[in-house]
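Asker: Need coordinates for the following:
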Amino acid sequence: MNSKSEKEGWGFPRGSKKAHYFLENGMSLCNKYGFYRGLKEQGLDDSPDNCTACKKALKRLRERRQANQRLRELGEKRKIEL
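Answerer: Sure, this is the predicted structure:
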């Protein structure tokens, strides 16, 4: 397991019927649960057991991260060209 999968992933908080996606800070993407320190799993993003709000928020988060990565790469290319 890599360090990222330990910090973020799907987890089942106590009392929840659905899995929620938790970030490194312990908050779920849907903001219904906080300070979760249990086991977190990567993958299975389309499972019917996952919180719908977390799935939508995760999709937006990944798109944002991907866009930021592209911007960083473009910035590095510009530095090299200058």
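Asker: Now do the helix ranked longest in the chain, average pLDDT.
Answerer: Of all segments of type helix in the chain, defined using DSSP state H, the longest is helix 52-81. Per-residue pLDDT over helix 52-81 has a mean of 88.
Asker: same question, stretch 33-42
Answerer: The average pLDDT for stretch 33-42 rounds to 91.
Asker: So what touches it?
Answerer: Stretch 33-42 is contacted from outside by 4-13, 16, 20, 22, 26-28, using Cβ atoms under 8 Å, 6 or more residues apart in numbering. For the C-beta atoms, the positions are set from N, CA and C on the backbone; glycine is no exception.
Asker: mind exporting it as PDB, just the C-alpha atoms?
Answerer: The C-alpha coordinates for stretch 33-42 follow below in PDB (Å, rounded to 0.1, in the frame of the first residue of the first chain):
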ATOM      1  CA  TYR A  33     -18.300  12.700   8.700                       C
ATOM      2  CA  GLY A  34     -15.100  14.000  10.200                       C
ATOM      3  CA  PHE A  35     -12.100  12.700  12.000                       C
ATOM      4  CA  TYR A  36     -12.300   9.200  10.500                       C
ATOM      5  CA  ARG A  37      -9.100   7.300  11.300                       C
ATOM      6  CA  GLY A  38     -10.200   3.800  10.300                       C
ATOM      7  CA  LEU A  39      -9.100   1.700   7.300                       C
ATOM      8  CA  LYS A  40      -9.300   3.400   3.900                       C
ATOM      9  CA  GLU A  41      -9.400   1.600   0.600                       C
ATOM     10  CA  GLN A  42      -8.600   2.800  -2.900                       C
END
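Asker: switch to numbering from 138
Answerer: Got it, the first residue is 138 from now on, which makes the last one we talked about stretch 170-179.
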